[in-house]
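Asks: Got a sequence here, can you model it:
(2 chains)
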Amino acid sequence: MSIDSHYAHPEVLVTTSWVSDHLKDENLLLIESNEDILLYEMGHLPGAVHIDWRRDLQDQTVRDYIQPSDFASLCSRNGITPDTTCVFYGDKSNWWSCYALWVFRLFGHEKVMIMDGGRDKWIAEGRPLTREVPHPAPSRYPVPSMRRDAEIRAFYEDALAQSRSSRTLIDVRSPDEFKGLVTHMPEYPQEGVLRGGHIPGAHSIPWKQAVNKDSTFKSEADLRKIYLEDLGLDPNDDIIAYCRIGERSSHTWFVLNYLLGFKNVRNYDGSWTEWGNRVGAPIEKSS
Amino acid sequence: MAYPPKLEAIISLFGALSEPERRETLISYAEQSRFQEPKEGEKFELEDIRKDQECTDTVAVYLRVDPDGGSHFRVTLGPQVQTLTRSMSSILCKGLDGVTPEQVLEVPADFVPKIVGAELVRVRSQTVYYLLTRMKGVAKVWLQRQRSEGLASEDSSSE
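Replies: Numbers count the residues shown, from 1 in each chain, chains lettered A, B, ... in the order given. Next comes the predicted model:
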């Protein structure tokens, strides 16, 4: 399977076959980001480094992302320069690789890609894994001047304003979470919140609608039907996507931004774990 | 309550490890999880095979209890089960081997962070607790059956 050339930015998506052919490219770095904390150590793509969403990308005390200086250090430790093309992949249909990519974009790193189908597809095709952990020579990565929170990230107040002004909010959680029938994600009952439901006015488009059974992204035509024809969105719309902690909505952010070419999509990473626990936050339920 | 001796030994082992060693050891246990699957010809008193909300894939728990009351667990894990949960299946199958079902029910879950470590117990890794709950569930059913059968035999002998 090749990458659909009709995507708005087909250059950000690469096949497992392409990755296999480019494992030794200079200025290209494979980055594995998973939900399963120990999965990288069980075996990973040759040459891939590990970036952990919690340990490496988030502040260890405050619920927030790392600061620009920390990002520069992270990149330096992994041999990344501003010219490095970072190819992200991981488990769970690339949730966390999209999340890591989104954080890299928060800091303005330009050259980013996703390996379509992620880790599971690579393994399903019988491609090799290794336990050899690379030790890249430290690089020089300039400290980004800012974190682009205002451009691709939304906060509670932004989501509230979006709701009050009837601009587009996309809830990518499961239908039962959206309806308020459950206060946790399927298979994660320990992650409950105090209130169930959704942000008033939000549309329910579960992230999973954007992928095929093998975790690859659906074709541009299929995605266009879901988001433009059926939901009625316009690529110029101001859109905020959310889930529970921002990883599934990173996936949808990637789809809208890179595959369909939407221009104003933000990821509300506080998501339902903030909204559903916040005193006074307006909530809508539906059957 | 004190942990069963075999589990206590595993907890002590982890207590002496550095963080990298802890991760290596957890991976080693995860790899051994396939050896905890039922062996050819093994028979069990109870088999609990299901996919439920608490875990990402099917988990099967098998229980055999010796005439002297010692329990032996076997566990089969679906491919999507997380690595830490795989580690925990090996640790629990070994650590609880030979204890009575009553003792299984009394094992406190507070040993989990002692083994897994604070860094790895976090959002999205809580299923490490799941397997102990499943094993306790099977042990409880086994005990209930024993009591029911005991009552039934008392009834029949008194007739």
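
Asks: What ranges does chain B have for its helices?
Replies: Listed in chain order, the helices of chain B (DSSP state H) span B:5-15, B:19-32, B:83-95, B:101-106, B:112-116, B:130-158.

Asks: is the longest one up against chain A anywhere?
Replies: Meaning helix B:130-158. No. Figure legend: helix B:130-158 not in contact with chain A (CB under 8 Å from any CB of the partner chain); closest approach 9.0 Å. Glycine gets a C-beta too; all of them are placed from N, C-alpha and C.

Asks: and that helix, what other elements does it pack with?
Replies: strand B:46-50, strand B:59-65, strand B:71-77, helix B:83-95, helix B:101-106 (3 or more CB pairs under 8 Å, 6 or more residues apart in numbering or on different chains; DSSP states H and E).

Asks: Buried residues, it. List them.
Replies: B:130-132, B:134-136, B:138-139, B:142-143 (16 or more other CB atoms under 10 Å in any protein chain shown).

Asks: Next: the second one.
Replies: Taking 16+ other CB under 10 Å as the neighbour-count basis, helix B:19-32 is seen to contain the buried residues B:22-23, B:25-27, B:29-30, B:32.

Asks: Report the central residue of chain B.
Replies: The centre of chain B sits closest to B:Leu92, judged by CA atoms, centre = their mean, with a distance of 4.1 Å.

Asks: Got the confidence number for that residue?
Replies: We have a pLDDT of 96 for B:Leu92.

Asks: ok, back up a step: tabulate the helices of chain B in TSV, adding columns for distance to A:Ser139.
Replies: Shown next, in TSV, are the helices of chain B (distance: least, CB to CB, whole Å):
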stretch	distance to A:Ser139
helix B:5-15	35
helix B:19-32	24
helix B:83-95	30
helix B:101-106	52
helix B:112-116	33
helix B:130-158	41
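
Asks: Looking at the ones you listed, which is nearest to A:Ser249?
Replies: helix B:83-95 (25.0 Å; CB to CB).

Asks: Go ahead and confirm B:Ser71 touches B:Leu96.
Replies: Yes. With contact defined as CB atoms under 8 Å, B:Ser71 and B:Leu96 form a contacting pair (6.9 Å).

Asks: shared neighbours of those two, anything?
Replies: Overlap of the contact sets of B:Ser71 and B:Leu96 (by CB atoms under 8 Å, 6 or more residues apart in numbering or on different chains) consists of B:Val104.

Asks: coming back round to it: please list which of the buried residues of helix B:19-32 are also close to chain A.
Replies: Answer for these near chain A (CB under 8 Å from any CB): B:23, B:26-27, B:30.

Asks: Poorly predicted segments of chain B, please.
Replies: For chain B, residues meeting the criterion pLDDT under 70 lie at B:1, B:52-55, B:122-126, B:155, B:157-159.

Asks: ok, now the stretch 101-250 of chain A?
Replies: In the stretch 101-250 of chain A, residues with pLDDT under 70: A:185-191.

Asks: Would you map the strands across it?
Replies: A:112-115, A:153-154, A:168-171, A:203-204, A:238-242 (DSSP state E, counting those that start in this stretch).

Asks: Dump the ones you listed to JSON lines, plus mean neighbour count and distance to chain B.
Replies: Compiled in JSON lines, those are given as follows (neighbours: other CB atoms under 10 Å in any protein chain shown; distance: least, CB to the nearest CB, whole Å):
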{"stretch": "strand A:112-115", "mean neighbour count": "24", "distance to chain B": "19"}
{"stretch": "strand A:153-154", "mean neighbour count": "24", "distance to chain B": "19"}
{"stretch": "strand A:168-171", "mean neighbour count": "23", "distance to chain B": "19"}
{"stretch": "strand A:203-204", "mean neighbour count": "17", "distance to chain B": "20"}
{"stretch": "strand A:238-242", "mean neighbour count": "26", "distance to chain B": "16"}
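
Asks: want to try JSON lines for those strands, with distance to B:Asp66 as columns?
Replies: As requested, the strands of the stretch 101-250 of chain A are exported to JSON lines (distance: least, CB to CB, whole Å):
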{"stretch": "strand A:112-115", "distance to B:Asp66": "50"}
{"stretch": "strand A:153-154", "distance to B:Asp66": "58"}
{"stretch": "strand A:168-171", "distance to B:Asp66": "53"}
{"stretch": "strand A:203-204", "distance to B:Asp66": "53"}
{"stretch": "strand A:238-242", "distance to B:Asp66": "53"}
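
Asks: and A:Ser286, which of those strands is closest to it?
Replies: strand A:203-204 (8.2 Å).

Asks: Please enumerate residues in contact with that closest one?
Replies: Taking CB under 8 Å, 6+ apart as the rule, strand A:203-204 contacts A:168-171, A:173, A:175, A:178, A:198, A:231.

Asks: next one: that strand to chain centre, how far?
Replies: Mean C-alpha position of strand A:203-204 versus that of the full chain (CA atoms, centre = their mean, to the nearest Å) differs by 18 Å.

Asks: now do stretch A:249-264
Replies: With CA atoms, centre = their mean as the basis, the mean position of stretch A:249-264 lies at 10 Å from the chain mean.

Asks: Repeat that for stretch B:64-75.
Replies: Put simply, stretch B:64-75 sits 12 Å off its chain's centre (CA atoms, centre = their mean).

Asks: buried sites along that stretch?
Replies: For stretch B:64-75, using 16+ other CB under 10 Å, the buried residues are B:64-65, B:71-75.

Asks: Stretch A:150-164 too?
Replies: Applying 16+ other CB under 10 Å to stretch A:150-164 flags A:152-155, A:158-160, A:162-163 as buried.

Asks: Helices - which of those residues land there?
Replies: A:152, A:158-160, A:162-163.

Asks: Pick the one among those closest to A:Ser271.
Replies: Distances from A:Ser271 to those, taken as CB to CB, are shortest for A:Ala159 (8.9 Å).

Asks: And the furthest pair within the buried residues of stretch B:64-75?
Replies: B:Val65 and B:Val75 (15.8 Å).
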